[in-house]
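next come a sequence and a model predicted from it.
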Amino acid sequence: MILFVYSDSSSWKDYIETNILPRIEAHSIILNWSKRREWGSRMQLETKLFNQWAGPGEFVPVAILFSPIGKARTFRLWQLAENPKHGKVRVSKKAEQAFFETVKRLPAGDAYLKFP
């Protein structure tokens, strides 16, 4: 299972909704941090998993990959801009690639997580 949490930040919203979500949405639970007030009681387990594995602070966008044996791996997909003076953040291509490569290498028993 993939738990993917992102926000409506202009730094990455369009990129994530165009390039990441279409590749994982069939195999994922997707939460929008900007709409967390709407999560309510219907997302209690997902919220607990997010809180447990994302940790405090700068945590979105984040992909948390759960294996069938209960292990989890967290991929923090944000990074500071190359020019920190501007204070912008963006999606980290390196973290994004590591996430997709990890999913591709899953054993056959985890085929429900495979995607193009």
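Thanks, I have the structure now. Numbering: from 1, shown residues only.

spatially nearest residue to S28 (excluding sequence neighbours)?
I2 (4.0 Å; CB to CB, 6 or more residues apart in numbering). All C-beta spots, glycine's among them, are computed from the backbone N, C-alpha and C.

tell me how many other residues surround that neighbour.
18 (other CB atoms under 10 Å).

and L49, what does it touch?
By CB atoms under 8 Å, 6 or more residues apart in numbering, the residues touching L49 are L3, I64, F66.

give the contact list for the closest residue in space to R76 that isn't next to it in sequence.
Closest residue in space to R76, ignoring its immediate chain neighbours: V62 at 5.4 Å, by CB to CB, 6+ apart. Neighbouring residues of V62 by CB under 8 Å, 6+ apart: F4, V5, Y6, F50, A54, T74, F75, R76, L77.

give the ChimeraX command for selecting the buried subset of those.
In ChimeraX, this line selects whichever of these come out buried by 16 or more other CB atoms under 10 Å:
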select :4,5,6,50,54,75,76,77
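
dump the contacts of V62 to JSON lines, plus pLDDT.
Shown next, in JSON lines, are these (pLDDT from 0 to 100):
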{"residue": "F4", "pLDDT": "93"}
{"residue": "V5", "pLDDT": "93"}
{"residue": "Y6", "pLDDT": "93"}
{"residue": "F50", "pLDDT": "87"}
{"residue": "A54", "pLDDT": "84"}
{"residue": "T74", "pLDDT": "89"}
{"residue": "F75", "pLDDT": "90"}
{"residue": "R76", "pLDDT": "85"}
{"residue": "L77", "pLDDT": "84"}
